[in-house]
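The sequence and its predicted three-dimensional model are supplied below.
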Amino acid sequence: MGRPGPGDAKYYSLIYDGVSLLFTGVILELIFGILFTIVTIAVVFGIVYSGSSMMADEDYLINEVIHATAISGIVLGLIDFIIIYVYYYRGFTKLAMADPSRYSIGRVGSIVSIAGQVIGISLAALLLSLTFNLSNVWMAYLMLSPGNIVDFVATVLIMNALYRLGNYFNVSYLSIGAVLAVFMAVISLFNMIPGASVVVGILGLLIGIPALILLMIGLNEVKKAVGGKLGQQQ
């Protein structure tokens, strides 16, 4: 048997199944992304505020903020690991079975993202075993840099595949959402700069959430378009 191609029922079935998985993954990322961004910002401000009211020194505040951020990173990393494998990797595997030249880059991006989550979780756990102060705070940002860089590469690869999907089915919501997600990934690299985490978190709410919403709408539009094609095959 040959590989399924455009116009085949098998081709559209694979695309539909893959897009359905990706759609669910984006919804879960949106929900958990909002929750954890808000919680992380609230915890950081809470530590700073309580430390100020208790007249705690800067070294104490720095250590507490880094540890709180590390815990948040571990929890979110574990959730992302599950979402990426169950929905993104499996979704892009379906798409790649239908059209490997167009969508295999998304599956590669998913694998890179899984590796990034493992690196990020491991380094965040290591942060919890260390004590930080004003003189060595730069070490925390240096340790988190590998995970941030790998996540950036993974996002570019995944969004490249989603852009191609949106472009192929003429769904501009998906293509625009993919571009915005890459832009947000560039901004996220500034997490490697001391003191920029809160600003990046706020920008994540202002840019990252609209990007995920556009991706969600776009994937749903592709689902409807492919569902129509499947209906014509019956």
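Here it is on my side, so go on.

Buried residues in stretch 220-234, which are they?
For stretch 220-234, burial by neighbour count (16 or more other C-beta atoms under 10 Å) applies to 220, 221, 222, 223, 225, 226, 229. Just so you know, the C-beta spots here come from the backbone N, C-alpha and C atoms, and that holds for glycine as well.

Look up phi and psi at the third one.
Looking back up the chat, that one is residue 222. Here is the backbone geometry of residue 222 (degrees, to the nearest 10): phi -60, psi -40.

hmm, back to that, output the buried residues of stretch 220-234 in JSON lines; the columns should cover distance to residue 178, secondary structure and pLDDT.
What follows is the buried residues of stretch 220-234, written out as JSON lines (distance: C-beta to C-beta, whole Å; DSSP: H, G, I helix; E, B strand; the rest coil; pLDDT from 0 to 100):
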{"residue": "220", "distance to residue 178": "15", "secondary structure": "helix", "pLDDT": "95"}
{"residue": "221", "distance to residue 178": "13", "secondary structure": "helix", "pLDDT": "95"}
{"residue": "222", "distance to residue 178": "12", "secondary structure": "helix", "pLDDT": "95"}
{"residue": "223", "distance to residue 178": "16", "secondary structure": "helix", "pLDDT": "94"}
{"residue": "225", "distance to residue 178": "17", "secondary structure": "helix", "pLDDT": "90"}
{"residue": "226", "distance to residue 178": "18", "secondary structure": "helix", "pLDDT": "91"}
{"residue": "229", "distance to residue 178": "22", "secondary structure": "helix", "pLDDT": "79"}
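
and the two most separated of the residues you listed?
Across these, the longest distance by C-beta to C-beta is 15.2 Å; it joins 220 and 229.
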